[in-house]
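In: Sequence below, structure please.
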Amino acid sequence: MRFRLLLTFAAILLLGACHNVKLPSLPNILPESPPTKTLADARKELDQATPCCTSFADFSFQNQLPWTPQQFVLDSGSQVAAINGAHSYFLSFKLPADAKLPYKIALKSELNGRAAGNSSYLFAPTIVQLNNAFQPIDTQDVKLCEYMGWSSSDSGAFGSVTVTDKRARYVVVYSSGKQQTNNTYWEQSASTFSTTNTATPAAVTVGVSYKIQHGPDGTIWVGMMDKTYAEAVNKAVCGKAPQGDGVLHTLRNDIPVHLSWSGL
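Out: A predicted model of the protein is given here:
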């Protein structure tokens, strides 16, 4: 019986190969349509916007940082700040007073457009922690790293910052002039993926990498670090892996001398 099943399965594969049967394609987490405006248009739109705020004391901090990452869209309908000589859309939050130090703020940016095209870009955040007097006590241009999960909800460009200073009361999310002219390594790969779902992997293209430009607007997720985001940050790809010396060489270096195999 088992032999018949194997023969049947082999026949189906051969039939598909002979008749060029199209198998179902895997889902694509990248947006199917290009952005409605180019990166140049988005930058021009931001540069021409009138800032509402020129100092951190001008910001509103009524909203508390979400306890889990939440989605925010920064675009022409958002407020603009002029910070350190650059215009930027921004978000501002008060930090949870009862959170135990240290804790992490999780971030994820989504792509605008397709990764394979020059039209793609993403919003790269700069995080500023403020004290009670709205004075900066820590500023970081967040390094984003690409992570491909099983769906668009757990895929994107991930990053995080750690809050360690007991004086921190507020946080501002914006994009500095340096961030807006930088880029993020992007590699469509199924080598790392989320284990929270047993569905089909979302990305299967291996060995193709890009430099995704940073732009002035986009979709960003911000909130307190949770387990799902922590796993994504830990497994994210931040750059092309260095060329190795081979499996045997690695084994020879990793195995203790008294246990190593002779001849490796």
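
In: drop to CA atoms for contacts and neighbour counts, all remaining ones
Out: Will do.

In: Can you list the low-confidence ranges for the chain?
Out: When the per-residue scores of the chain are filtered using pLDDT under 70, the ranges that remain are 1-36, 113-118, 188-208, 242-264.

In: quick one, strands of it?
Out: Residue ranges of the strands in the chain, as given by DSSP state E, are 70-74, 80-83, 86-89, 91-94, 103-109, 121-123, 126-130, 136-141, 145-147, 156-163, 170-174, 183-188, 208-215, 218-224.

In: can I have the second one written out in PDB, keeping just the CAs?
Out: C-alpha atoms of strand 80-83 as PDB (Å, rounded to 0.1, in the frame of the first residue of the first chain):
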ATOM      1  CA  VAL A  80       5.800  68.500  11.200                       C
ATOM      2  CA  ALA A  81       8.600  69.600  13.500                       C
ATOM      3  CA  ALA A  82      11.800  71.500  12.700                       C
ATOM      4  CA  ILE A  83      14.500  69.700  14.700                       C
END
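
In: Give the other helices and strands that that strand contacts.
Out: Of the remaining helices and strands, those touching strand 80-83 by 3 or more CA pairs under 8 Å, 6 or more residues apart in numbering; DSSP states H and E are strand 86-89.

In: Can you tell me which of the strands of the chain is nearest to residue 61?
Out: With respect to residue 61, and counting by CA to CA, the nearest of the strands of the chain is strand 91-94 at 4.9 Å.

In: Need the contact partners of the closest one.
Out: 59-65, 169-174 (CA atoms under 8 Å, 6 or more residues apart in numbering).

In: Export the strands of the chain to TSV and append columns for distance to residue 239 and mean neighbour count.
Out: Shown next, in TSV, are those (distance: least, CA to CA, whole Å; neighbours: other CA atoms under 10 Å):
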stretch	distance to residue 239	mean neighbour count
strand 70-74	25	16
strand 80-83	29	21
strand 86-89	26	23
strand 91-94	28	20
strand 103-109	17	22
strand 121-123	17	27
strand 126-130	20	22
strand 136-141	17	15
strand 145-147	8	26
strand 156-163	12	23
strand 170-174	24	24
strand 183-188	6	22
strand 208-215	9	19
strand 218-224	21	21
